[in-house]
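1. Any chance you can model this:
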Amino acid sequence: MKGVYLLFLKVKRDLRIRVGSLGVIGFKGGLYVYVGSAQNNLEKRVRRHLSKEKKVRWHIDYLTSSRGVDVVAVCAYELGKEYECIIAGYLQEISEEVIGGFGCSDCRCRSHLFRVSGGVEDVCLKVSRRINARHLRLV
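-> Have a look, this model is predicted:
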């Protein structure tokens, strides 16, 4: 499978994490959603995000490898890479907090990581309605 995915993360308590060139970022406890794409082997990318033990390569790796953060769900869309930024723009509109510069070094988005209210299914349904596409729940 290839496409765009929403990775839902539960930050268990307020944390400060050094995120590569972004420096130290404060994360309030709560639910976060990261939007990414994998145009080859999305399942493998998701397995990597689920693993705590990995070489830290991307901004998201700093969060997913932290003991204070759990991946709680993944929703995927069989869509082209351009939808990654379309979805990020929508998540920015509905989020409680935008983590500036996170995960978007290869595009012009403000961020690809957002703190959200509500639940996983609520956010997935809102995104699905906005882009008029069905999602698959992978985790």
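
2. alpha carbons only for contacts and neighbour counts from here, please
-> Fine.

3. Counting neighbours, what do you get for residue 55?
-> Using other C-alpha atoms under 10 Å, residue 55 has 10 neighbouring residues.

4. Let me know the helix or strand that it is in.
-> Using DSSP states H and E, residue 55 sits in no helix or strand.

5. so where do the helices sit in the protein?
-> 42-50, 59-64, 82-94, 120-131 (DSSP state H).

6. Nearest the geometric middle of this structure, what residue?
-> residue 34 (1.1 Å; C-alpha atoms, centre = their mean).

7. check contacts around it.
-> 6, 7, 8, 9, 60, 112, 113, 114 (C-alpha atoms under 8 Å, 6 or more residues apart in numbering).

8. farthest pair in those residues?
-> The span of the contacts of residue 34, defined through C-alpha to C-alpha, is set by 9 and 112 at 12.9 Å.

9. Those two: who's more crowded?
-> Neighbour count, other C-alpha under 10 Å: between residue 9 and residue 112, residue 112 has more, with 28 against 23.

10. Can you name every helix or strand that the helix or strand bottoming out on mean pLDDT in the chain contacts?
-> One helix or strand of the chain scores below all others by mean pLDDT, DSSP states H and E: strand 136-137, with a mean of 90. Contacts defined by 3 or more C-alpha pairs under 8 Å, 6 or more residues apart in numbering; DSSP states H and E place strand 136-137 against strand 69-77.
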